[in-house]
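1. All I have is the shape, not the residue letters:
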């Protein structure tokens, strides 16, 4: 009990540290550049408190539940050596963690609002919800596919730079035929997907896998999964935009 | 209440599949079942609170900053021009703010600290922990600043990103092999859950406030800049470390 309280306090400090640079920079601008009183400061402060508390609980819960289970599963599967189960696990892990990724939930909702305001979709809550969910599902499938690719790369020892560079070229190619409205969201989704939930689990999978295989260096072979997870969402969301254009 | 319900639905897929795998593939029940259950309650409540707080703090804050930075009276006071006469240089406060946010949030990013330590070990000390962190933070600061410039002038996003990729490809061919996977991964880890909503709101706010821009076409893209530039700066830092190492080796051997 006492131990959990200490962990909780440490997580709270971590969340505060995430927010601190933002608070400092914005305060500096308000005090020295604008020099005007800010309206609605109270509501913003309460919101910030919610953000810190929410993030703290979220990360605390992840450490208590998701991370140990995910890590031991990744480890057990890597040792078991069944490629089918490993690949299947990688896909579901990528999909599941991405659906629960807070930043993606927020950004998808914002993207739906912008699309509705610009008249690209209907302004009803239903249309916005559907758009946001479609976006999140696309990104989640993309991250799942990225992990499958990443695991296969580690197993087969494919060259990481070659795959990444190939992916970039594909991104540039798809951009030329994708509708203009989707490009910004697509490019952003690559950076959004890989944060709080996904990174620790995915890193555990990669490092566990590389250490279970003979003759692999967990330091160099274990990395690269995140790189795929930042690349495939761009490809998939661009494709999503192209397909939606035809429907 | 609806928020909590929604976040429960968001967390459900990963819960179901972890449990299923544990039972069906590993063939064992979860160790510490109770602890895990408590953990999930925290995850669900935390996610709900976070999203609620976001709507009230980081999103409005990002938009507010964008509004203040592009406010005609503020711009007139700082450069003495009316809105119709403004050129991109006149928005220098925007670039400064974007750069400061990118730099400071990256420097404090825990994931980056972990990556830097790994890089230090992998390179046998050739890549310094602090040096790498500062390099990446500068990369993100410049990236977000450049992203704001793009929004203000309204150039297509993919010109910049394609050019960035091209630089990354060039660097990959000459950078030390060990740093390459680390560099590629660092792009993903620098943008944290707190930073992403703020800079997204900043971009959308800018695109709404600058005349002739649309949120739909110009508003997104800052996160992409913030993920691409660290790759470039980590690769550059790796190259620099090698060069410096070589230089000292030459000096040491008479």
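-> Everything's here; your move. Bear in mind the structure is a predicted one, so any value in this text is a computation, not a measurement. Numbering: from 1, shown residues only, chains lettered A, B, ... in the order given.
2. CA atoms for contacts and neighbours, from now on please.
-> Noted.
3. can you give me how far stretch A:136-147 is from the chain middle?
-> With CA atoms, centre = their mean, to the nearest Å as the basis, stretch A:136-147 stands 10 Å off its chain's centre.
4. now stretch A:16-33
-> So, by CA atoms, centre = their mean, the centroid of stretch A:16-33 is 25 Å from its chain's centroid.
5. cool, and stretch B:148-168?
-> That offset, for stretch B:148-168, works out to 16 Å (CA atoms, centre = their mean).
6. Just the endpoints, please. Distance across that stretch?
-> Start to finish, the residues bounding stretch B:148-168 are 21 Å apart (CA to CA, to the nearest Å).
7. That one near chain A at all?
-> Yes: in terms of CA under 8 Å from any CA of the partner chain, part of stretch B:148-168 sits within range of chain A, namely B:157-158, B:162, B:165.
8. What are the buried residues along that stretch?
-> B:148-154, B:156-158, B:161-162, B:164-165, B:168 (16 or more other CA atoms under 10 Å in any protein chain shown).
9. what does stretch B:75-84 give?
-> residue B:75.
10. Can you get me the start-to-end distance on it?
-> With CA to CA applied, stretch B:75-84 spans 11 Å between its terminal residues.
11. In chain A, where is pLDDT below threshold?
-> A:1, A:194, A:214-223 (pLDDT under 70).
12. Let's check: the centremost residue of it is which one?
-> residue A:193 (1.8 Å; CA atoms, centre = their mean).
13. re the thing from before, among the residues of stretch B:148-168 next to chain A, find me the one that's closest to residue B:183.
-> Ranked by distance to residue B:183 (CA to CA), the residues of stretch B:148-168 next to chain A are led by residue B:165 at 12.9 Å.
14. for the record, mean pLDDT for the helix or strand harbouring the closest one?
-> Here residue B:165 sits within helix B:157-174, counting by DSSP states H and E. Helix B:157-174 carries an average pLDDT of 91.
15. Going toward the C-terminus from that helix, what's the next helix or strand?
-> Next element after helix B:157-174 (DSSP H and E): helix B:179-189.
16. Could you list every helix and strand in contact with that next one?
-> helix A:160-177, helix A:180-192, helix A:225-246, helix B:110-122, helix B:222-252 (3 or more CA pairs under 8 Å, 6 or more residues apart in numbering or on different chains; DSSP states H and E).
17. which residues touch residue 15?
-> I'll assume chain A. Each residue near residue A:15 by CA atoms under 8 Å, 6 or more residues apart in numbering or on different chains is listed here: A:52-53, A:55-56.
18. My question was about chain B, not that one.
-> Residue B:15 touches residue A:66, counting by CA under 8 Å, 6+ apart.
19. Let me know the secondary structure of it.
-> helix (DSSP: H, G, I helix; E, B strand; the rest coil).
20. Next one, pLDDT for it please.
-> 87.
21. what do you get for residue B:252?
-> Model confidence at residue B:252 (pLDDT) stands at 63.
22. likewise residue B:19?
-> 84.
23. my read: it touches residue B:33, true?
-> No: using CA atoms under 8 Å as the test, residue B:19 is too far from residue B:33 to be in contact (10.3 Å).
24. just to revisit the earlier point, what's in contact with the helix holding residue B:165?
-> Defining contact as CA under 8 Å, 6+ apart, one finds that helix B:157-174 is touched by A:161, A:165, A:168, A:172, A:175, A:183-184, B:150, B:180, B:218, B:221, B:224-225, B:228-229, B:231-232, B:235-236, B:239.
25. cutoff 10 Å now
-> Helix B:157-174 has contacts (CA atoms under 10 Å, 6 or more residues apart in numbering or on different chains) with A:161-162, A:164-165, A:168-169, A:171-172, A:175-176, A:180, A:183-184, A:187, B:146-147, B:150-151, B:175, B:179-181, B:183-184, B:217-218, B:220-222, B:224-225, B:228-229, B:231-233, B:235-236, B:238-239.
26. Residue B:19 and residue B:33: which is more packed in?
-> Neighbour comparison, residue B:19 and residue B:33: the larger count goes to residue B:19, with 16 against 11 (by other CA atoms under 10 Å in any protein chain shown).
27. what helix or strand is the closest residue to the more buried one other than its chain neighbours on?
-> Leaving aside its sequence neighbours, residue B:19 sits nearest to residue B:30 (CA to CA, 6 or more residues apart in numbering or on different chains; 7.5 Å). In this structure, residue B:30 is located outside every helix and strand according to DSSP H and E.
28. Quick check on residue B:30: phi, psi?
-> phi -60, psi 130 (degrees, to the nearest 10).
29. quick revisit: and the helix holding residue B:165, how far out from the chain's middle?
-> 17 Å.
30. now it and helix B:222-252, what's the angle there?
-> 20 degrees (axes from the mean of the first three to the mean of the last three CA atoms, to 10 degrees).
31. can you give me the angle helix B:157-174 makes with helix B:179-189?
-> Using the same axes, to 10 degrees: helix B:157-174 against helix B:179-189 is 150 degrees.
32. If you count neighbours, what's buried in the one helix or strand residue A:13 maps to?
-> Using DSSP H and E, residue A:13 sits within helix A:2-28. Neighbour counts over helix A:2-28 (16+ other CA under 10 Å) mark A:7-8, A:11-12, A:14-19, A:21-22, A:25-26 as buried.
33. What of stretch B:183-196?
-> B:183-196.
34. isn't residue A:123 right up against residue A:130?
-> No: using CA atoms under 10 Å, residue A:123 is not in contact with residue A:130, being 11.3 Å away.
35. quick check, distance from the strand or helix carrying residue B:8 to the centre of its chain.
-> Using DSSP H and E, residue B:8 maps to helix B:2-21. Distance, stretch centre to chain centre, for helix B:2-21: 26 Å (CA atoms, centre = their mean).
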